[in-house]
Structure formats: C-alpha cells, structure tokens
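Colleague: here's a sequence, model it:
(one chain, ligands or ions: 1)
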Amino acid sequence: MMKTSVDKRRVCVIGAGTAGLCALKNSLEAGLDAVAYERGAEIGGTWIFSEEMPKDEFDEVHSSMYEGLRTNLPKEVMGYPDYSYPDDIAESFITSNQVLEFLRSYAEHFKLKPHIKLQHEVIRVRPRLDDWEVYVWDHSTDTCDPVYYDFVYVCNGHYTEPDIPDVEGLDLFEGKKMHSHLYRKADKFKDERVLIIGAGPSGMDITNHVRVAAKQVFLSHHLSTAPNTAFMGNVTQKPDVQRFIKDGAVFTDGSTESFDHVMFCTGYKYTFPCLSTDVGVQVIDNFVQPLWKHCININHPTMAFVGLPFNVIPTHIFDMQVRFTLKFFTGQRKFPSREQMIADLEQEIGERWGCGVRNQKKAHQMGERQFVYYNELASIAGIENIKPVIHKLMKDCGKKYIFELDTYRSNKYTIVDDENFLKNGEAV
Ligand code: FAD
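Modeller: Numbering: from 1, shown residues only. So this is what the prediction gives:
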C-alpha cells in the first residue's frame, strides 16, 4: 500500500504498553494517522502478569511481572499528565493489576482501541527514500505484509532480554539458575537456600518476597551503603560473587556459601530485533546511539525511541518525549542540523564521562539529571514541563525501596495542587 500526497501523515507505533499507548494517543491528538501494533493479545505490556514460561530457547515471554508485586512508585506520579489514577484507590503503592486496569481505562478514555492492532508483530522496519517500510506479521492469519509510514515510534519495552553477567565458574554451578525476568512466585523457593544477585528495585523487592518461603537468602550487591535488611531475619548480605563453585559461590571478601538456587536481578539489555541495520542505530552495552536527546534517531530523524532513560518517572518522561518529538514530526519545530545533533550528543556524553560515569550501560541513566532533561525538552520544543509537585513528590520517594523497604509502601500521598502534596495527611 503506497501513500499518496493527499494522505494524512502516518505514524507507526511499535508496542501498546505504557509508552506505546501514550505515543498513539498524542499522535492522534496531533492530527496524525496513527496505528499501534501490539504483538500480544492485550494492551499493557509488562504489567500483564502471566505464569507462562518460554516454550523453548527461541520463545520469549514479554512480561517480568510477578505475584504480589506492588509498585515502587506511588500512583500519584504514575499517571499521565492529562490522565490520573482514580481517587477511589486508597493506597499510593498499588498492585500490577491496578496499573493494568488504569492503562485499559486510558485506552478507553482516549478511544484508542480502533487504532490498536493486537497480535500484530512488527518484524522488520527499514527506511526508504522518504518513508518507512514496516513488515507486520498478523498472528491470527499468519500473514505478513509491508505497510508504509512517515514516522515510527519504537515503544517495544526494555524488560524482556535478561542481562546476566559473565561470572567465572557459572557453568560449574550445579544448582538452579534464573533471571528475575522469569521470577513469578515465591513458593517455588520453599525451604531452599537462594542467592539473589543485585540490589536494584527488583533485587530488593524479590528478596523480600522470596525470604518468606526460602530457608535462607543471600543478597549479593556492591551498594556503597548496605540496605537495611534487619527486618529480614533469614537474609544475609554478601559482597560481589568472585566465582561460582559446584554447590555455591566464593565472594570477594573470601567467604564461601552454598545454595540451591541463584537468581540474577542484574538488569536487562536494550534490544530492537525488528529494526534493520540500515535504520542506523546501534546498541553497545545498552548505549543506544546516535540519538538526539535520548529519543530521536539522528540518522533518520523520523524515528523516535520512547522510554530509554532509566531512574526516571516513567509515564511522565514517555509523555514528554512523545510531545517533544511530535513538535518536530508535525513541522511546528525544525530539527537542528545533523551536525548540531551530534554535537549535542557528544557534549552530553562528554559531561557524563567527565562526571566519572564512563560506563556505556549508564548512558541513559537519569536520576537527578532527569529534571534538567525535562527542562531541556520543554524549552527546546515549547511544551509543558512536568508539574513541580511531581518533581517534589518523586524526590520524597528516592531510594526508599532500598532503605525503607519494609515501611515505605504504607505511605499515602495526596496531590493538593500543581505545587504541593500531602504525605500521610501532612504537608511536606
Ligand atoms: P512494555 O510495558 O514492556 O510494553 C512494550 C510492548 O511492546 C509490549 O506490550 C510488547 O508486547 C510490545 N512489543 C514488543 N516488541 C514488539 C513488536 N516487535 N511488535 C509489536 N509489539 C511489540 N514503573 C513504574 O512507573 N512504577 C513501578 O512501580 C514499576 N515497577 C516495575 C516492576 C517491574 C518488575 C518491571 C519490569 C518494571 C517496572 N516499572 C515500573 C517500569 C515499567 O516497565 C514502565 O513503567 C513501563 O510500564 C514500561 O512501558 P513500555 O511501554 O516502555 O514497555
């Protein structure tokens, strides 16, 4: 199907998770003709809990959701800027199902359903002279046809391809091995001795779940300040693993422990299997490049990636990136020259490396930087920034998943206005 000059500009959104839904909704509102392709049978991406496991080594299960998960951010910052969670949910830290319900209601509210094609998998995207050729596999008919688009939003999610470090002796270890991506229920670890590697949000939370069923849990990490796991009676903190042995591991402090099961909570790899090499983007150690402002493909600026930055407020950054890119896609703003975009990228990376973070894996890490980033997007494209109250509330939540793991989810936040919020009924 070729496009004609009288057609509306066409947008292809890959994925209908939190990011894809947002890209779809904003593209439609901007007057573009947008379609979201979702390979799964329903919308919601990683928030869909399923006990299904990969059938073979080539099969992939998308979601990393596990039983009993409650969010590590309050719902007050997890809504979209123009669509919040309903007030009738009392708690701030909610279940994965409540997030899924929210995403469904977002799609319903903005009438997105007619524009979403479920069980349609984008298997190849390649640039042509002045548009994109997108091959879509319709699972229900088992057919695959090319479709042509002016713009592409890549919203395929980043929590599907496990990143397991190459630790000496891992092949020698005769116990069970898994990555947090496929962790589903704690009772699988009943009466076992388990080593959990990594103290990020997943590592900390899964430790707290698994310890209830397990006989003993070792939590290996290299945080500069040890998390308070005093409330976890059967959890022993260990430094990094130096090498695995037949029935356990030797740690960098020289100690040895034996265990039945090792779980890697060591993060994920960014992968874009459907993008052909002539898309002009490469991923080296999770550094996706060359991108302008962490989202625009500098080699083909009609393609945008949504949601690469991490340690952020996901929904808000997705929404800002989409509104930012749409200003250019709709011609309201002109892209800087390719040279300028490269110079901007090099300057930012230079600053990051200059701050001592010479680690490709952290090229899209934000943390405190996110607020500078939001300001930049807002001022370059003339779009509304995130509200100060979201910024303030986010600051109040920082690192609580490590140091207040046993208590922080009982906090209840209430947004009063664009500037102020209450915590447990009191002004902060
Ligand atoms: P996903 O939700 O992964 O959606 C991507 C979609 O793209 C999927 O539906 C997938 O099927 C589809 N897709 C992929 N490839 C293709 C293709 N080729 N063709 C068609 N469709 C395709 N965030 C928070 O804000 N708060 C939290 O408390 C929180 N907790 C989390 C806990 C866990 C365990 C994990 C893994 C993540 C958590 N996050 C949390 C982060 C969360 O992933 C993001 O907030 C957000 O939901 C990611 O949305 P996404 O659309 O980028 O990706």
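Colleague: what about N72, neighbour count?
Modeller: By the criterion of other Cβ atoms under 10 Å, N72 has 17 neighbours. All C-beta atoms are positioned from the backbone trio N, CA, C, and that covers glycine.
Colleague: wait, doesn't it sit right on G200?
Modeller: No: if you go by Cβ atoms under 8 Å, N72 and G200 don't touch, sitting 10.0 Å apart.
Colleague: near the ligand, which residues of this protein?
Modeller: Contacts of the chain with the ligand, taken as Cβ under 6 Å from any ligand atom, map to 14-20, 37-40, 45-46, 62, 64-65, 71-73, 78, 121-122, 155-157, 159, 202, 274, 307, 314.
Colleague: isn't G248 right up against F259?
Modeller: Yes: at 5.4 Å, G248 counts as touching F259 under the criterion of Cβ under 8 Å.
Colleague: any common contacting residues for the two?
Modeller: Listed as contacting both G248 and F259 by Cβ atoms under 8 Å, 6 or more residues apart in numbering are 175, 195.
Colleague: residues near the residue in the stretch 101-250 of the chain that the ligand sits nearest to, how many?
Modeller: Across the stretch 101-250 of the chain, the shortest distance to the ligand (Cβ to the nearest ligand atom) belongs to G157, at 2.3 Å. Counted with other Cβ under 10 Å, the neighbours of G157 add up to 22.
Colleague: the residues of the chain next to the ligand in strands, which ones?
Modeller: 14, 37-38, 121-122 (DSSP state E).
Colleague: can you show me the helices along the protein?
Modeller: Listed in chain order, the helices of the chain (DSSP state H) span residues 18-29, 75-78, 96-109, 201-213, 314-329, 338-354, 369-381, 388-397, 400-403.
Colleague: deepest of these, which one?
Modeller: Among these, helix 18-29 has the highest mean neighbour count (mean count of other Cβ atoms under 10 Å), at a mean of 26.
Colleague: list the helices and strands that one packs on?
Modeller: strand 10-14, strand 33-38, helix 96-109, strand 151-154, helix 314-329 (3 or more Cβ pairs under 8 Å, 6 or more residues apart in numbering; DSSP states H and E).
Colleague: remind me which residues of the stretch 301-428 of the chain are low pLDDT?
Modeller: 356-358 (pLDDT under 70).
Colleague: residue in it nearest to the ligand?
Modeller: Across the stretch 301-428 of the chain, no residue is closer to the ligand than P314, which sits at 3.4 Å (Cβ to the nearest ligand atom).
Colleague: tell me who's in contact with that residue.
Modeller: 18-19, 73, 78, 307.
Colleague: for this protein, which spans come out with low pLDDT?
Modeller: Counting by pLDDT under 70, the chain has low-confidence residues at 1-7, 356-358.
Colleague: relative to E42, how far out is the residue nearest the centre of it?
Modeller: The C-alpha lying nearest the average C-alpha coordinate of the chain belongs to H158 (Cα atoms, centre = their mean; 5.0 Å). Going from H158 to E42 by Cβ to Cβ, to the nearest Å gives 20 Å.
Colleague: one more: A363?
Modeller: Relative to E42, A363 is positioned 32 Å away (Cβ to Cβ).
Colleague: leaving out sequence neighbours, find the closest residue to K188.
Modeller: Spatial nearest neighbour of K188, chain neighbours left out: A213 (7.7 Å); criterion: Cβ to Cβ, 6 or more residues apart in numbering.
Colleague: that neighbour reaches V194, doesn't it?
Modeller: No: counting by Cβ under 8 Å, A213 stays clear of V194, with 9.1 Å between them.
Colleague: show me the contacts for S27.
Modeller: Neighbouring residues of S27 by Cβ under 8 Å, 6+ apart: 11, 13, 34, 151, 153, 322, 326, 329.
Colleague: counting neighbours, what do you get for I284?
Modeller: I284: 10 neighbours (other Cβ under 10 Å).
Colleague: what's the answer for K246, then?
Modeller: The tally of other residues near K246 (other Cβ under 10 Å) stands at 10.
Colleague: OK, contacts around it?
Modeller: The contact partners of K246, taken as Cβ under 8 Å, 6+ apart, are 172-174.
Colleague: just the buried residues from the residues you listed, in ChimeraX please.
Modeller: Restricted to buried positions by 16 or more other Cβ atoms under 10 Å, the ChimeraX selection for the contacts of K246 reads:
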select :173
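Colleague: what's the neighbour count on the residue lying closest to Q216 once chain neighbours are set aside?
Modeller: Nearest-residue entry for Q216: R193, 4.6 Å, with adjacent residues in sequence omitted and distances by Cβ to Cβ, 6+ apart. Number of residues near R193 (other Cβ under 10 Å) recorded here: 19.
Colleague: how about I116?
Modeller: Neighbour number of I116 under other Cβ under 10 Å is 20.
Colleague: repeat for M366
Modeller: By the measure other Cβ under 10 Å, the count of residues near M366 is 19.
Colleague: is it true that it touches Y373?
Modeller: Yes: at 6.2 Å, M366 counts as touching Y373 under the criterion of Cβ under 8 Å.
Colleague: what touches both of the two?
Modeller: Common contacts of M366 and Y373 (Cβ under 8 Å, 6+ apart): 309, 317.
Colleague: so P301 touches F329, yeah?
Modeller: No: at 9.0 Å, P301 does not count as touching F329 under the criterion of Cβ under 8 Å.
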